[in-house]
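In: Sequence plus the predicted model coming up.
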Amino acid sequence: MELTEVMRGAGSVRALTTDPVPRSVIYDVLDAARFAPSGGNRQGWRVIVVTDTELRRRLGELYRTSWYTLHAPLFGPARANQPDEYADRVHEVPVHLLVLTSEASITTGVTALDRSRVVGGASIYPFVHNIVLGLRERGLGTTLTTVLVPMEEQVKQLLGIPDGYPIAAHLAVGWPARPLPTRLRRNPVETFATENSFGGPALGA
Ligand SMILES: Cc1cc2nc3c(=O)[nH]c(=O)nc-3n(C[C@H](O)[C@H](O)[C@H](O)COP(=O)(O)O)c2cc1C
């Protein structure tokens, strides 16, 4: 696949089959993703590849607790009381990637950077998105979620994660149950890029 095609098609995929995903595919995706940039080239990422059925079951429980108590209510009472198919079946997805970042690697010593909500943890997400792109290129589906972050203490206990490695993302990875998306809903360039100043003319083609 062309890089542009992959970038334009790497949308979230939540309907996944239980068919196994070869370990070698995950390895190859990570082997390419590791070329992501990071501040100071500190490469603070750690990935826990969870395939064990019992661990996935436990992760699924934690995911559902977080989803139904903290996330679904954000979408209003109707959604809060609605079953969520992804949350209910996430444990069935054959591979779960827990991406962590070493806290030391995202601390710069420059207060303005460390306090910034944008820059603070930014060094991990180019790596995470490289994983998303690599999976898409291979026809696999996933969704980057942060739903497990509020359950971090329980996840740490379950997977033996030491202090100093916060969760950056959880990606359940599997083969798509339906055709992968090809046309994502995204705003056109003209709506967010301007020339020479914030209020400048919209960048045209
Ligand atoms: C940093 C980040 C956190 C996200 N967290 C969640 C999440 O917790 N749950 C979820 O379902 N999707 C999550 N997403 C996926 C977004 O919802 C998705 O990219 C966006 O809605 C666009 O949807 P589409 O790719 O299906 O077009 C996250 C994406 C990013 C980049």
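Out: Done, it's in.
In: Output the set of residues of this protein in proximity to the ligand.
Out: 11-12, 143-147, 184-185 (CB under 6 Å from any ligand atom). (C-beta placed from N, C-alpha, C; glycine too.)
In: Which residue ranges of this protein form helices?
Out: 3-9, 23-33, 53-66, 77-80, 85-89, 111-115, 125-137, 152-159 (DSSP state H).
In: weakest of these by average pLDDT?
Out: Of all the helices of the chain, helix 77-80 carries the lowest average pLDDT, namely a mean of 80.
In: Now do that helix: distance to the chain's middle.
Out: 24 Å (CA atoms, centre = their mean, to the nearest Å).
In: picking up where we left off before, now restrict the residues of the chain next to the ligand to buried residues only.
Out: Burial by neighbour count, judged by 16 or more other CB atoms under 10 Å, picks out 11, 143-145, 147 from those.
In: contacting residues around the nearest residue to His96 once chain neighbours are set aside?
Out: Leaving aside its chain neighbours, His96 sits nearest to Val50 (4.1 Å; criterion: CB to CB, 6 or more residues apart in numbering). When contacts are counted by CB atoms under 8 Å, 6 or more residues apart in numbering, Val50 touches 56, 59, 95-98, 159.
In: Including distance to Ala122 and pLDDT, could the buried ones among the residues of the chain next to the ligand go into CSV?
Out: Shown next, in CSV, are those (distance: CB to CB, whole Å; pLDDT from 0 to 100):
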residue, distance to Ala122, pLDDT
Gly11, 22, 97
Thr143, 20, 97
Leu144, 14, 97
Thr145, 18, 97
Val147, 20, 97
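In: Tell me the one among those nearest to Glu153.
Out: Val147 (14.8 Å; CB to CB).
In: residues contacting the closest one?
Out: Val147 touches 63, 66-67, 71, 87, 170, counting by CB under 8 Å, 6+ apart.
In: please redo it, this time with the cut-off set to 7 Å
Out: 63, 66-67, 71, 170 (CB atoms under 7 Å, 6 or more residues apart in numbering).
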